[in-house]
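Asker: Below are the sequence and a predicted model; questions follow.
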Amino acid sequence: MGDGSGSIQGVDRVVVYFFRNGEYISLTGGAFNGTTRTVRDMTAGGLLQSVPFPADDGGSGIVINNNEVTVDLDGNGYVEGWTDDGIYKNWYVIFDTNQLPDGPVDLNYVVIDRAGNATRYVQPLYIRNNAPQITGVVLGTDVDGDGVIGDIVSGESRLISANYATTNFTVRNNRLSFAIEAQSGNPPRRYSVGYVTAADPVAPDALLRGAVYTIQTPGDTNWTLVGAPGNSAGTTFVASGPGDGSGTATGYTLVEQNSVPLTDSELEIIDFSGIPDTMEPNGALFVVKVYDTTVSGGDEADQLADAVLIGMNIDNIDNVAPTITVSPFGRRYTVPLSNSDQDKVLVDVDRYSDNIATTGSGFSLQRHGYVQYAEHSVNGRPDLSGRVIFLGKTADNQRIARLTAQIAGFDPDGAGPLAAGDEFDIALWDSGGLVAAGGRTVADVAAGSSDWGFDVVEGSQAVTEANGHVLNWRFAWNTAAIENVAQLDVPVTFRVYDFGPGDGNDDQDTIDVDVVPYISRIETPQSNLGGLKATNIRASDGEYSIRSGAVAGFSDSFITVRGFNLNPIADGVRIAPETTPSGLDGVSLTGVPLSFNAPDAGFTTLTLSNDSTVSGYLGIVSGTPAAPVAAINNINDNSVDYNQEPDEFVRRNRLFTDDRFLRFFEVTDTGIANANYPNMVMVGDEPYFGYIQSGADFDLQVRRGFSGADNTPIVRTLAGDQMAMVRDDGGRYHMISVTNFGGGRMHYFFHEFATLYQGANGRDGGGNNGASQPYWAGFGGANTSFTAQAGNNAIDLDSTSHDPGAQLGRYQRPVIRTRGDSTTADGAAIYLAVFDSFSGELIFRNWRVGDDLTGGTADLYGSYRSTLADRTGTSGDATRRIVAAGGNASEYFDMVVRDDGVVVLGYYNPSISRFTVRFSATTDGGSTPQPIDGLNPAAPVLWSAPFVLPNEFVGWFPSMTLHSDDSLHVAAYDSGGANLSYIYMDAIDATSAEVVTVDNYGSVGYYNDLKIHDGVPWIAYYSISETGTRDSVKLARFNGTLPAITAGVDEHGFVTGDWTTITIPVASVPRGNQSQFLRVNLGFDTQGVPVVSHTGAGIEYVQPLAEN
């Protein structure tokens, strides 16, 4: 393109053509088709001379004289431009330089006027269509110190393809490699790598061809005309020559350079004597240049070239300290894909067990330690027990040589040269990374074969040029190996050392911890003494049921405690009060001591006696008397999940925590052996029993009393069966039993019978001569009395031969109730209900007994009278009233009597599989209650229309009671769900009922006894699932407030906490597999403490001991 080529009046055309390597060439680089022409030669100072000139237009030269813009109009093969600009002609021609090889070329252009005068100009050009280009440089160094530079995958090399001046690449261990990636250029290519320093900036006119510069200030300089790819500051380029303008560029002073022949694109530097460590980021500068062979025989400056300025860090002398950080317990550092320590984030651990040593997995996972996080601790320090795991991270700009730990009071090598509290190695550099010192791993600690161990978190360790040496670590420690097994405020320090000068640069981090005892499990394995199974030992509220050995059943190892750091000081096992549940107040022991045996060698198992006379929290105090440390269980934060112990699959109880409260139960053997159908009433603080004693001396099988040594025989009988007993307001006992023998009967006994007749009886010398009939031949005389005789304290009732015929065992589960005081003339009303299994009927009777009873028609012993005499018939008895006809009743029934004498009967109707309630009414099927006073046993008794519970299968073994608000409460077995159910009716004549499940653990709810004491419902009951074991007697307590009744388990079967269900420890196996078991009896002493009794080898009763 020409500019100002002459006055517009005279310029006719411009002719352009090329000259290279001493000769004129065609437009495509071939032979020149030329002639000569006389011109004013401006390359010779304007001398008029003859010069070569193209002989054609389009072959060796181009004639420009048309303004073609975009289309070749004159057919010479080139689009040309020819325009006027005032007095000047502007011209151009579009020429594809790819027609010529790369390299220098002279452009000749001759301006010819209309008169034929010509002037020649020459413009040197450089064609660079195939210039070499650096596409990237792979930098490498020896990060891991093995003397070898690894590839990109190893992390020791990195491809740089942009931002060359700020690579942040760091050279380590005196090794640096360059692998130059380039393309294009005229082969062969050569590669120059030079360590340089920056020179002072120069103006464009000072640029030297072939030298490398970086634009400092662009100014108005067109840098692209001097070889730069652009005009931006920071652009590095190989200068094609000087330029002009106001800009400046930085050149470089070569310090060291690779040696000839420069044909290898890869270079490794191992001598850094002239290349010092850098103090600033990217402070070491290297010029990487590639140039080709465009000009054969030319020097470097003649060739096409490309260059980049690479900035990097030199860190051959490691003076930067590493870093180490201990994660707070419950937190961990992430493992980022970048392997950058700075990119690691502190997050919550994935699972609680990440901080404790474990073995096994899934359901067989076994924890060997305990941690309470600092944020949940009362003093802000984490609480550790057993084998725990510290988590953390460490990093170094080069390589880490080792990690150490130092724990106050901990001897890391036992009998070795180190002492307690000394620093010890936990990880050492080996083969490209850190490994556990001595091969001690976290798994070794979990297995119990080492007191400490180290692991690198999988996938976290990397040794790379970009990020140095980084890793996350795990350190396991058996805290029980500390001096005195437990200590407070223990500093645990971790240190990191690198390969720097001397012993290396180092860093440390310290975490202060409390090493405490922890109770993980409580067992009572001596089942023969009343120890309960692991699945039954805890009540639903978490308390542990323990048989006390203070009176009987003592064992010095009855209780097995498992956990960690269990090494009690003297008297260091405590039954502690709620105010100081750990057993420690400051440094003073609280509560009462419990004797114990020495712990095992690992301080994980401890056996205790059961000689406590109080209940309370189990505290275990380790450490020393001067510096005691209590087990953390009872004082830790129960709101956090790791201090909770939900049982999702067996007990289905999500309310358990790790609190350890021992509820001791005193088990008393009454000495009453071979007892059947035991009934219990409370006489003050003492339980009193009525029972059948098979095999009793002189056939005195029906008995009542406090114990085997303190009891009263009631009657001689050949086949005593069934038993019911109550105590009236005057302290007199009323009993029902059956002589289950051919011709036998059901009998009522008022207070005493056999003991009223002493002396010779014609058969034996046993005395106590009251007998049922039939009885042994020869028995009789003035000193005897039979139940069928008048004037004694026995009334014969229904015969075993009653319609429709003789049947032994027909009368089942009689229930007797009383209202009033039989020691007065008004007397006590007696109510009896019994199931006749032969006729299938539920039978009801009533009468009255009193001292010189007003209205009495039948004499009893002494001055006592009754409104009912002996029944002698086998049919047609008007005093025998039918509540439910045959097929509509069952042995599953109960009866309660209101204070006004209204009788309420509840029974399971097998024909419809539902529980039914009826009460004495003014009319048959009526809804108005009718009191019954017992004064006229033969008077008709009418019953209300039955209320039928809609819940199918609920109603076995019912136990009923009336509350003070006249509401009816029933505990019963749900045979459909095998659950203990509770039925609530807000009145006896209610038309609806609420039914909730109290307990569903196993098959529970047999032999129920329901009492409401001080407004709180309690149920004693039996677990049929545990038949044949000492785990079968249970007690439930409602935790809500009446009249609202809520369930003990929710719709999903999980414990709600609205009821507490307890397995009661016993001495002998309850005989719940026999009908003679009758029930689990429940009563309360004068302090409101429940008393639970049953029959096993004999009658025994159980009471919980009061809290300390």
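Answerer: Everything's here; your move.
Asker: quick one, helices of the chain?
Answerer: Secondary structure of the chain by DSSP state H: the helices cover 442-447.
Asker: could you point out where it is predicted with low confidence?
Answerer: Applying pLDDT under 70 to the chain flags residues 1-9.
Asker: OK, contacts around the residue lying farthest from the centre of the chain?
Answerer: The C-alpha centroid of the chain is most remote from residue 115, which lies 103.5 Å away (Cα atoms, centre = their mean). Applying Cβ atoms under 8 Å, 6 or more residues apart in numbering to residue 115 gives the contacts residue 10. (C-beta placed from N, C-alpha, C; glycine too.)
Asker: Mind doing that once more with 10 Å?
Answerer: For residue 115, the contact set (Cβ atoms under 10 Å, 6 or more residues apart in numbering) comprises 10, 12.
Asker: What are the boundaries of the strands in the stretch 551-700 of the chain?
Answerer: Remark: strands assigned in the stretch 551-700 of the chain by DSSP state E, counting those that start in this stretch are 559-564, 573-576, 584-585, 588-589, 592-593, 605-608, 616-623, 628-630, 661-673, 675-683, 686-693.
Asker: Which one of the ones you listed lies nearest to residue 942?
Answerer: Comparing the strands of the stretch 551-700 of the chain by their distance to residue 942 (Cβ to Cβ), the top pick is strand 675-683, with 29.3 Å.
Asker: Quick check: neighbours of that closest one in the sheet, parallel or antiparallel?
Answerer: strand 686-693 (antiparallel) (DSSP bridges).
Asker: Next, report how far the strand it pairs with is displaced from the centre of its chain.
Answerer: 51 Å (Cα atoms, centre = their mean, to the nearest Å).
Asker: Columns mean neighbour count and distance to residue 272 on top of the strands of the stretch 551-700 of the chain, output as JSON lines?
Answerer: JSON lines is the format used below for these (neighbours: other Cβ atoms under 10 Å; distance: least, Cβ to Cβ, whole Å):
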{"stretch": "strand 559-564", "mean neighbour count": "23", "distance to residue 272": "55"}
{"stretch": "strand 573-576", "mean neighbour count": "27", "distance to residue 272": "68"}
{"stretch": "strand 584-585", "mean neighbour count": "18", "distance to residue 272": "64"}
{"stretch": "strand 588-589", "mean neighbour count": "16", "distance to residue 272": "68"}
{"stretch": "strand 592-593", "mean neighbour count": "16", "distance to residue 272": "73"}
{"stretch": "strand 605-608", "mean neighbour count": "21", "distance to residue 272": "62"}
{"stretch": "strand 616-623", "mean neighbour count": "28", "distance to residue 272": "58"}
{"stretch": "strand 628-630", "mean neighbour count": "25", "distance to residue 272": "57"}
{"stretch": "strand 661-673", "mean neighbour count": "21", "distance to residue 272": "71"}
{"stretch": "strand 675-683", "mean neighbour count": "21", "distance to residue 272": "97"}
{"stretch": "strand 686-693", "mean neighbour count": "24", "distance to residue 272": "96"}
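Asker: right, and these - which one's nearest residue 80?
Answerer: Nearest to residue 80, of the strands of the stretch 551-700 of the chain and by Cβ to Cβ, is strand 559-564 at 96.8 Å.
Asker: would a markdown table of the strands of the stretch 551-700 of the chain with distance to residue 749 be doable?
Answerer: Shown next, in a markdown table, are these (distance: least, Cβ to Cβ, whole Å):
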| stretch | distance to residue 749 |
| --- | --- |
| strand 559-564 | 45 |
| strand 573-576 | 45 |
| strand 584-585 | 57 |
| strand 588-589 | 55 |
| strand 592-593 | 46 |
| strand 605-608 | 48 |
| strand 616-623 | 44 |
| strand 628-630 | 58 |
| strand 661-673 | 18 |
| strand 675-683 | 13 |
| strand 686-693 | 9 |
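Asker: Looking at those, which is nearest to residue 989?
Answerer: Evaluated over the strands of the stretch 551-700 of the chain, closeness to residue 989 peaks at strand 675-683, with 29.1 Å, by Cβ to Cβ.
Asker: residues contacting residue 269?
Answerer: Contacts of residue 269 (Cβ under 10 Å, 6+ apart): 141, 171, 174-178, 193, 195, 256, 258, 275, 286.
Asker: again, only this time at 7 Å
Answerer: Residues near residue 269 by Cβ atoms under 7 Å, 6 or more residues apart in numbering: residue 176.
Asker: Against residue 10, how distant is the residue farthest from the centre of the chain?
Answerer: Here the criterion is Cβ to Cβ, to the nearest Å. By it, residue 115 lies 7 Å from residue 10.
Asker: try residue 582
Answerer: 116 Å.
Asker: Look up how far residue 839 lies from residue 905.
Answerer: Distance from residue 905 to residue 839, counting by Cβ to Cβ: 17 Å.
Asker: again with residue 20
Answerer: 136 Å.
Asker: Compare these two (neighbour count), which wins?
Answerer: Set residue 20 next to residue 839 and count neighbours by other Cβ atoms under 10 Å: residue 839 wins out with 19 against 16.
Asker: count of neighbours near the nearest residue to that one once chain neighbours are set aside?
Answerer: Of all residues not flanking residue 839 in the chain, residue 886 sits nearest, at 5.2 Å (Cβ to Cβ, 6 or more residues apart in numbering). Residue crowding around residue 886 was assessed by other Cβ under 10 Å; the count is 14.
Asker: How about residue 206?
Answerer: Close neighbours of residue 206, defined as other Cβ under 10 Å, add up to 15.
Asker: contacting residues for the nearest residue to it once chain neighbours are set aside?
Answerer: Sequence neighbours aside, residue 242 is the residue nearest to residue 206 in space, at 6.7 Å (criterion: Cβ to Cβ, 6+ apart). By Cβ under 7 Å, 6+ apart, the residues touching residue 242 are 204, 205, 206, 207.
Asker: Most neighbours among those residues, please name it.
Answerer: Result: residue 204 is most packed of the contacts of residue 242 (other Cβ under 10 Å), 24 neighbours.
Asker: circling back: who's more crowded, residue 582 and residue 10?
Answerer: Legend: neighbour count by other Cβ under 10 Å for residue 582 and residue 10, higher for residue 582 (25 against 13).
Asker: Verify the stated contact: the more buried one with residue 635.
Answerer: Yes: Residue 582 is within contact range of residue 635, at 4.9 Å (criterion: Cβ atoms under 7 Å).
Asker: residues in contact with stretch 219-233?
Answerer: By Cβ under 7 Å, 6+ apart, the surrounding residues in contact with stretch 219-233 are 204, 207, 215-218, 235, 237-241, 243-248.
Asker: let me redo that: stretch 1040-1057
Answerer: 540, 652-655, 963, 965, 967, 982, 984, 986, 994, 996-1000, 1015, 1039, 1058-1059, 1061.
Asker: PyMOL command to pick out the buried ones of these?
Answerer: If you want just the buried ones from the contacts of stretch 1040-1057 in PyMOL, going by 16 or more other Cβ atoms under 10 Å, the selection is:
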select buried, resi 540+652+653+655+967+982+984+996+997+998+999+1000+1039+1058+1059+1061
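Asker: from the contacts of stretch 1040-1057, which ones fall inside strands?
Answerer: 982, 984, 994, 996, 997, 998, 999, 1059, 1061 (DSSP state E).
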